[in-house]
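*Asks:* Just to be clear, the model below is a prediction. Sequence and coordinates:
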Amino acid sequence: MQRRSFLKKAGLGVAAGAVAAPAIVRAQPNIQWRLASSFPKSLDTLYGAAEILSRRVSEGTEGKFQIRVFAAGEIVPGLQVLDAVQNGTVQCGHTAPYYYIGKDPAFAFATAVPFGLNARQQNAWMYYGGGREAVAELFREYGCVQFPSGNTGVQMGGWFRKEIKSLADLKGLKMRVAGLAGQVLAKLGVVGQQLAGGEIYQALERGTIDAAEWVGPYDDEKLGFQKVAKYYYYPGWWEGGPQLSTIVNLKQWEALPKHYKSIFESACAEANVHMLAHYDAKNPEALKKLVAGGAQLRQFPKPVMEAAQKAAFEIYDEAAKKSAHFRRIYAQWLKFRSDQFLWFRVAEMSYDNFTFTSPLRPTAKK
Ligand code: CA
């Protein structure tokens, strides 16, 4: 809106543009798209990314390109966004591609792979490490184009009614968990369930499930999980830096004018930055509130983490045998991951370890 009023004041409105360059006016068609989000409106972080996208695209095209955002369940259920984009029910969607590992396990790479990359490394892989090209082949097969559009940062391990003191405590546990982690946990005896965000609370309250992971303090508090399960575990080893995606129907994408594409892509990148910043800014206070409200923080025991890691890499070997996309992306991703981990062990890890745990806690002098 600010930009529009600036243009008006400067006398550079639509009319002036039309006189100067009629070709440009013809290339600014009115386009109206519908976007299906996988998330409920109550989550301003996840759902909010699609609103950032919609607002920026509209402002950047002087209102010519409108994207109307629909929450999970309004047009299609939260876990069916890929299908809706593929079959043209909507032109685009905002979702977590690992919801679609039932179609191909390789979709996990676009979101998160257990014991995989953190948020910084996921961006590095996507934008400069060949990640976007690697997953593009997969999305193309489903008639879609994908754009990184948000990240939660490393997640929490979720809410448990009972403490997890050893591997034995996982046996028979019914847990809502997304992505490949469900398969990893299944190897450790957990019965995994994939539920959309809006459906978890009720399942936990009714006792249909014993545990549930969603995101982290800010979202989890809003959904109220602390009221139905008090042990709050960390870290969410299955989601070190899960990335959300905007996916667009390939034919619709190809029909867009070039500068609409450019604005759209920039808006996705903006949503990508904003979501992580939003979470990082909001999580500390939410965590304090949860703990004050009775949530019991627990760290996963190391033997549980180690067994999970071993199971995870067995799953990847199995997935690589079944899916050509997984095999192709995994080899490239694994090498990238190993180089990233080597580098992050030097400056990043020593900085984090020293400063985050330092007993010196200075406060501002009054
Ligand atoms: Ca999660």
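*Replies:* Arrived safely. Quick caveat, the model's predicted, so the values are computed rather than measured.

*Asks:* dump the residue contacts of Gln309.
*Replies:* Contacts for Gln309 (CB atoms under 8 Å, 6 or more residues apart in numbering) come out as Pro114, Phe115, Trp237. Every residue, glycine included, has its C-beta placed from N, CA and C.

*Asks:* Please repeat the previous calculation with a cut-off of 10 Å.
*Replies:* Going by CB atoms under 10 Å, 6 or more residues apart in numbering, Gln309 touches Pro114, Phe115, Val184, Trp237.

*Asks:* Same list (these) but as TSV, adding secondary structure and neighbour count.
*Replies:* TSV is the format used below for these (DSSP: H, G, I helix; E, B strand; the rest coil; neighbours: other CB atoms under 10 Å):
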residue	secondary structure	neighbour count
Pro114	coil	25
Phe115	coil	18
Val184	helix	27
Trp237	coil	21
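
*Asks:* Format the residues you listed as CSV; extra columns: distance to the ion.
*Replies:* Below are these laid out as CSV (distance: CB to the ion, whole Å):
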residue, distance to the ion
Pro114, 11
Phe115, 14
Val184, 13
Trp237, 11
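
*Asks:* need the longest helix for the protein.
*Replies:* Ordering each helix of the chain by length in residues (DSSP state H) puts helix 258-292 first.

*Asks:* what element comes up after that helix heading to the C-terminus?
*Replies:* strand 296-299 (DSSP states H and E).

*Asks:* tell me the pLDDT at the closest residue to Ile263 other than its chain neighbours?
*Replies:* Counting by CB to CB, 6 or more residues apart in numbering, Ile263 lies nearest to Gly60, which is 4.0 Å off, once chain neighbours are set aside. At Gly60, the model reports a pLDDT of 96.

*Asks:* so what's Gly60 up against?
*Replies:* Contacts of Gly60 by CB under 10 Å, 6+ apart are Arg3, His259, Tyr260, Ser262, Ile263, Phe264, Ser266, Ala267.

*Asks:* Swap in 8 Å and give it another go.
*Replies:* Contacts for Gly60 (CB under 8 Å, 6+ apart) come out as Ile263, Ser266, Ala267.

*Asks:* picking up where we left off before, take the contacts of Gln309 and write them to TSV, including pLDDT.
*Replies:* Formatted as TSV, these follow (pLDDT from 0 to 100):
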residue	pLDDT
Pro114	98
Phe115	98
Val184	96
Trp237	98
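
*Asks:* Pretty sure Trp238 is one of the things Val177 touches, is it not?
*Replies:* Yes: counting by CB atoms under 8 Å, Val177 touches Trp238, with 7.0 Å between them.

*Asks:* which residues do these two both contact?
*Replies:* With CB under 8 Å, 6+ apart, Val177 and Trp238 have common neighbours Glu213.

*Asks:* Now do stretch 105-113, average pLDDT.
*Replies:* Across stretch 105-113, pLDDT averages out at 98.

*Asks:* For it, measure first residue to last.
*Replies:* Length of stretch 105-113, first residue to last, CA to CA, to the nearest Å: 10 Å.

*Asks:* Show residues contacting it.
*Replies:* For stretch 105-113, the surrounding residues in contact (CB under 8 Å, 6+ apart) are 96-101, 122, 131, 134-135, 138-139, 146, 179-180, 238-245, 312, 316, 319, 322-323, 325-326, 328-330, 333.
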